[in-house]
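Undergrad: Starting from these lines, generate the structure:
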Amino acid sequence: MHMDQFSTERLTAERLREDHLAGFVDLHLDVEVSRYLGGVRSPEVTKTYLAVNMEHWDRHGFGLWALRTRDGAFAGRAGLRHILVDGTDEIEIAYTFRRGLWGQGLASEIATVLTDIGLSQLELPSLIGLVLVGNGASCRVLEKSNYLLEKSTTHRGEDVVIYRARV
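TA: Numbering: from 1, shown residues only. Below is the predicted model:
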């Protein structure tokens with residue numbers, strides 16, 4: 001499988017590029033979407049975010065993908081990325097969808113594929129899911145993808161729970 005793009009039943013994923021900026025700006029300006037992402041991000045902050053995450057690809061050979069629905073509409077973002085948690089370098093699974101696509105099982109669909117990519121293809125020893133306390137929907141997504149609750153901690157000043165999946 002080519003890492004730059006892949007498909008699931010209802011989504012296509014493309015390696016992050018500069019022309020995904022507009023979709024990301026809209027996503028990050030949505031108050032509801034950003035509630036569990038540390039708050040709304042300005043277009044300038046999102047531009048920096050995109051650059052940082054494109055650099056992650058260059059350095060590690062994986063990262064965030066932009067997601068589209070089968071009709072080509074921007075759906076959100078998902079991926080695997082390095083993250084420092086309690087002083088340890090971990091690989092995090094991440095997914096965020098446009099509000100209009102919530103509640104359709106798309107997060108579970110992408111989480112299953114990303115977990116397989118991380119554990120099987122990249123042969124990572126484990127992956128974590130980091131969820132802000134109160135985001136029950138995201139906890140259920142991880143539990144469905146065979147992540148186990150590991151601990152509670154704080155990350156960037158927020159109370160979070162850490163889930164982990166192993167091979």
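Undergrad: could you show me where the strands are in this protein, in order?
TA: 5-7, 11-15, 64-69, 74-85, 88-97, 126-132, 148-155, 158-166 (DSSP state E).
Undergrad: which one of the ones you listed is the most hemmed in?
TA: strand 64-69 (a mean of 23; mean count of other C-beta atoms under 10 Å). For glycine as for every other residue, the C-beta is placed from the backbone atoms N, C-alpha and C.
Undergrad: From His56, how far off is the residue nearest in space to the middle of the chain?
TA: Residue closest to the average C-alpha location in the chain (C-alpha atoms, centre = their mean): Ala94, at 1.9 Å. As for Ala94, its distance to His56 is 11 Å (criterion: C-beta to C-beta, to the nearest Å).
Undergrad: tell me, what's touching those two both at once?
TA: Common neighbours of Ala94 and His56 are listed as Leu64, Arg81 (criterion: C-beta atoms under 8 Å, 6 or more residues apart in numbering).
Undergrad: any weak-confidence spans in this protein?
TA: Within the chain, the stretches with pLDDT under 70 are 1-2, 33, 35-39.
Undergrad: ok, now with 90
TA: Scanning the chain for pLDDT under 90 picks out the ranges 1-3, 18-50, 96-103, 132-138, 156-158, 167.
Undergrad: tell me the residue furthest from the middle of it?
TA: Asp71 (21.3 Å).
Undergrad: Got phi/psi on that one?
TA: phi -90, psi 10 (degrees, to the nearest 10).
Undergrad: Over to Gly103?
TA: phi 80, psi 10.
Undergrad: Let me know the distance separating the closest residue to Leu64 other than its chain neighbours from Lys151.
TA: Spatial nearest neighbour of Leu64, excluding adjacent residues (C-beta to C-beta, 6 or more residues apart in numbering): Gly79 at 3.5 Å. Distance of Gly79 to Lys151, given as C-beta to C-beta: 23 Å.
Undergrad: same check, this time on Asp30
TA: Asp30 is 30 Å from Lys151, by C-beta to C-beta.
Undergrad: Next: Glu14.
TA: From Glu14 to Lys151 the distance is 34 Å (C-beta to C-beta).
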